[in-house]
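Participant: Okay, here's the prediction I keep looking at, along with the sequence it came from:
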2 protein chains.
Amino acid sequence: MTMLQFPQEEPDFQVALSTSLVLFGFDGSDLQILLARSNRPPYEGALFLPSRYLNKEDELMLSARRMFEQLFGYDDPSMIEQLQAFGQVFRHPGGRVVNIAHYALVYKDDFQASQWEEHDMHWVTYHQVPDLAFDHNDIVQYAKERLKRRVKRRPVGFRLLPDEFTLGQLQSLYETALGKTFDKRNFRKKLFKTTLLIDLERKADGLAPGQHKGSQLFTFNREKYEKMKLEGYDFIF
Amino acid sequence: MTMLQFPQEEPDFQVALSTSLVLFGFDGSDLQILLARSNRPPYEGALFLPSRYLNKEDELMLSARRMFEQLFGYDDPSMIEQLQAFGQVFRHPGGRVVNIAHYALVYKDDFQASQWEEHDMHWVTYHQVPDLAFDHNDIVQYAKERLKRRVKRRPVGFRLLPDEFTLGQLQSLYETALGKTFDKRNFRKKLFKTTLLIDLERKADGLAPGQHKGSQLFTFNREKYEKMKLEGYDFIF
DNA sequence: TCAAAAGTGTTGGGGGTACACCCATGC
DNA sequence: GCATGGGTGTACCCCCAACACTTTTGA
C-alpha cells in the first residue's frame, strides 16, 4: 500500500482491455462520426462506438487498426492516434474492462459500405450524436476536443477532404470542427498565406458531393507541408 | 476476429494495470521532475518514475492520487491529469502490464521530505532527465509536451509557483516549459495585460529560494481566473 | 426571377517584436 | 568595482477583424 519501489507487490492480472474508435468523416458538406447499433440482446438497439476487445498480448493500437482495416480495406496506422484510457466503462459481468480509446480521420469515399449494413453502422452528424451506450458519449466529447486542438495546430483538415476540394468545403469543415464561423474573405487570405493550397485552375463540375458547380478547385500541397514539418512551423487557427 | 458488435467474444481478463506519475516541481529557479531509485534487486540502482500497480477494482486515477497523497500529505485530485496508456511497458514475468500514466504540478515546499529519503527519491532538472527504466523516458517526453500545451493555454504556471513570486521566477518557468526565451519587457507587458497578476506592493527579502532581493512580489488573482474560466477566455502564449 | 454560394480589397486597430540604458544588490 | 538581475518606453510591422457588392448557377 505504501510502496513506491520496484519490485512491488504482485500485479493484479485480472483486467481486460477494449478499444473504441472515434471515426471522423466528411461527406463533402458535413463532419460526421461513425456509430454502430447493436442487433443482439441484451444491448439490442443501443448505439455505440465501433469497439473491440484486445487480447492480452496485443499492442495497444492493434484493435483500432484492425477495425480501421476492416472498415476501409487498408491499414494506415498514421491516421490513428490514442486518446486516453477510460475507466468508467460498462460493467461487464465478467469483471473490469478498461477502454483505450482512439480516433482517426477519414475521407468517407474510402469506406467499404458493405461492412456497415451488416453491422448496422451509420454516420451521424457531428452536432447530433445521440445518447450512446456505456461511457461512449464521454469518449466522443474527448475526441471532439482533441480534433479541435489538432485542427488548430496542424492542417489535419486536409485528411478529411477529398483530393480536390473547394474553399467552401474547407471553410465549412473548419467552422464545424472549431465551433465558430469565419469571414469568407479573411478565411481565404489566411489559408493562402500558408501556401499549402495549390490552385488546380479548374472549376468544380458540381457532381462531387458538397461541391458547388463553378467553384475553383484546390488541392493540398503535401511536399510543402512535409518540408514545413521538418523546419518546424507555426500554424494557429 | 471480425466482430464489431456487442456482445462480442469474451474479454481477456489477464492484463494488469500500473500507474506512473510525472511530477513537475519548481524550486524557485528551476523546473524539475521527481524520480525514484530502486534499492532492491533485480532493478537495484535503476531510476524510474514513481509507480504503482492498480487493483482491478480501482478507479484509474486512484493509484496516482494515493502516490500524490503519500508524497504531499494531502489529496488534491484537481492537480492530477491522465496522460495516456503506455503499452510498451516492461515485461513483467507474470504477464502483460499496461501503464496508465498521469502527471501533476506541485509546489515543492509542500513536499514531505521524509518520504523521499526512505524511497531514495530525487528531483532532477527538467533538461537533465537521465536514462530511465522501462519506457519511462517516453512517458516523460509525452508529459513535457502536455505541459507545454497546458502552459500555452492556461496559466498553469501559477500552480508551480509559490503564493508570492517574482516576475523573474515566472519568466524563467515559462522559458523552461516552452523551450524558448522571452524579451523581459514584452513578457511583462503580456502578463500584465491578462490582469491575472496582483502587485503585492512589497519587495522580496531575498530569503525565499530563487527570489532576488528587491524584486517586486506578485500573486495570482484566483477569483479573476475563475471568472474568466466561466466566461471562456483566450490565453495563448 | 429568386435563392444560394462564389469571388473579390481596403482600412483601422491591436498586439507582437525588436531594441538600450540605469539602478539595486551581493560578492 | 563588478557581475547579476530588476525595472522601464517607443517605434514599426504584421496580422486580424470588420465590412458590401457583383456574378454564377440551379431551382
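Facilitator: Noted; the coordinates are in hand.
Participant: got the domain boundaries for chain A?
Facilitator: Here the domain parsing of chain A from automatic domain parsing is A:16-153, A:157-231.
Participant: Assign a three-state SS to the residue in chain A that DNA strand C sits nearest to, would you?
Facilitator: Residue of chain A nearest DNA strand C, by CB to the nearest atom of the strand: residue A:168 (2.3 Å). No exception for glycine: its C-beta is placed from N, CA and C like everyone else's. Assigned by DSSP: H, G, I helix; E, B strand; the rest coil, the conformation of residue A:168 is helix.
Participant: per-residue confidence averaged over the lengthiest helix in chain A?
Facilitator: Secondary structure assigned by DSSP state H gives helix A:136-153 as the longest helix of chain A. Helix A:136-153 carries an average pLDDT of 96.
Participant: Low-confidence bits of chain A, can you list those?
Facilitator: Residues of chain A meeting the criterion pLDDT under 70: A:1-9, A:89-91, A:110-115.
Participant: try 50 this time
Facilitator: A:1-3 (pLDDT under 50).
Participant: shouldn't the residue of chain A closest to DNA strand C be in contact with residue A:212?
Facilitator: Yes - shown here, residue A:168 and residue A:212 form a contact pair, counting by CB atoms under 8 Å, at 6.1 Å.
Participant: more crowded one of those two?
Facilitator: Taking other CB atoms under 10 Å in any protein chain shown, residue A:168 and residue A:212 do not tie; residue A:168 has more neighbours (16 against 12).
Participant: who wins for proximity to residue B:86 among the domains of chain A?
Facilitator: Closest to residue B:86 of the domains of chain A is domain A:16-153 (CB to CB; 7.9 Å).
Participant: continuing past the longest helix of chain A, what's the next helix or strand?
Facilitator: Going down the chain from helix A:136-153, the next helix or strand is helix A:157-160, by DSSP states H and E.
Participant: Tell me which other helices or strands that following helix touches.
Facilitator: Helix A:157-160 sits against strand A:16-26, strand A:97-107, helix A:167-178, with contacts defined as 3 or more CB pairs under 8 Å, 6 or more residues apart in numbering or on different chains; DSSP states H and E.
Participant: I'd like these written out as TSV, with distance to residue A:120 added.
Facilitator: Shown next, in TSV, are the helices and strands packed on helix A:157-160 (distance: least, CB to CB, whole Å):
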stretch	distance to residue A:120
strand A:16-26	15
strand A:97-107	19
helix A:167-178	25
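Participant: circling back to that earlier point, any residue of the longest helix of chain A touching DNA strand D?
Facilitator: No - shown here: helix A:136-153 not in contact with DNA strand D (CB under 7 Å from any atom of the strand), separated by at least 11.5 Å.
Participant: what does stretch A:202-214 give?
Facilitator: Yes - contact of stretch A:202-214 with DNA strand D (CB under 7 Å from any atom of the strand) involves A:206, A:213, A:214.
Participant: The residue nearest to the second one when sequence neighbours are not counted and residue A:160, how far apart?
Facilitator: Leaving out its chain neighbours, the residue that sits closest to residue A:213 by CB to CB, 6 or more residues apart in numbering or on different chains is residue A:206, at 2.8 Å. Look at residue A:206 and residue A:160: by CB to CB, to the nearest Å, they are 21 Å apart.
Participant: Who has more neighbours out of the two?
Facilitator: With neighbours defined as other CB under 10 Å, residue A:206 and residue A:160 compare such that residue A:160 has more, 23 against 10.
Participant: and the more buried one, what does it touch?
Facilitator: Residue A:160 is in contact with A:24, A:25, A:26, A:31, A:105, A:106, A:107, A:173, counting by CB atoms under 8 Å, 6 or more residues apart in numbering or on different chains.
Participant: need the residues of chain A near DNA strand C, please.
Facilitator: So far as CB under 7 Å from any atom of the strand goes, chain A lies against DNA strand C at A:166-168, A:183-186, A:188-189, A:203, A:212, A:214-216.
Participant: Among the residues of stretch A:202-214 next to DNA strand D, which one sits closest to residue B:133?
Facilitator: Closest to residue B:133 out of the residues of stretch A:202-214 next to DNA strand D is residue A:206 (60.5 Å), distances taken as CB to CB.
Participant: isn't the closest one right up against residue A:217?
Facilitator: No - if you go by CB under 8 Å, residue A:206 and residue A:217 don't touch, sitting 11.3 Å apart.
Participant: Residue A:198 bridge partners, please.
Facilitator: residue A:219 (DSSP bridges).
Participant: Surely it touches residue A:221?
Facilitator: Yes - proximity of residue A:198 to residue A:221 meets the contact threshold set by CB under 8 Å, at 5.1 Å.
Participant: re earlier: and the helices and strands packed on helix A:157-160, which is most packed in?
Facilitator: Greatest average neighbour count among the helices and strands packed on helix A:157-160 goes to strand A:16-26 (a mean of 25), per mean count of other CB atoms under 10 Å in any protein chain shown.
Participant: following that strand, which helix or strand shows up next?
Facilitator: Next element after strand A:16-26 (DSSP H and E): strand A:31-37.
Participant: between the contacts of residue A:160, which is closest to DNA strand D?
Facilitator: Using CB to the nearest atom of the strand, residue A:173 comes nearest to DNA strand D of the contacts of residue A:160, at 17.2 Å.
Participant: contacting residues around that closest one?
Facilitator: A:26, A:31, A:157, A:160, A:161.
Participant: Run the contact check for stretch A:10-25 versus chain B.
Facilitator: Yes - applying CB under 8 Å from any CB of the partner chain, one finds stretch A:10-25 touching chain B at A:10, A:11, A:12, A:13, A:14, A:15, A:16, A:17, A:18.
Participant: Which helix or strand contains residue A:189?
Facilitator: Counting by DSSP H and E, residue A:189 is found in helix A:184-193.
Participant: Next, the angle from that helix to helix A:167-178.
Facilitator: With axes from the mean of the first three to the mean of the last three CA atoms, to 10 degrees as the basis, helix A:184-193 and helix A:167-178 are set at 90 degrees to each other.
Participant: Any residue of helix A:184-193 touching chain B?
Facilitator: No - contact of helix A:184-193 with chain B (CB under 8 Å from any CB) is absent, the minimum separation being 16.0 Å.
Participant: Enumerate the positions of that helix that are buried.
Facilitator: Neighbour-count burial for helix A:184-193 flags A:187, A:191 (criterion: 16 or more other CB atoms under 10 Å in any protein chain shown).
Participant: Who are the packing partners of that helix?
Facilitator: If you count contacts as 3+ CB pairs under 8 Å, 6+ apart, helix A:184-193 packs onto helix A:167-178.
Participant: which residues are contacting the host helix or strand of residue A:226?
Facilitator: Applying DSSP H and E as the criterion places residue A:226 in helix A:222-231. Outside helix A:222-231, the residues that touch it by CB under 8 Å, 6+ apart are A:155, A:195, A:196.
Participant: Check stretch A:197-207 too.
Facilitator: Contacts of stretch A:197-207 (CB under 8 Å, 6+ apart): A:164, A:166, A:191, A:211-221.
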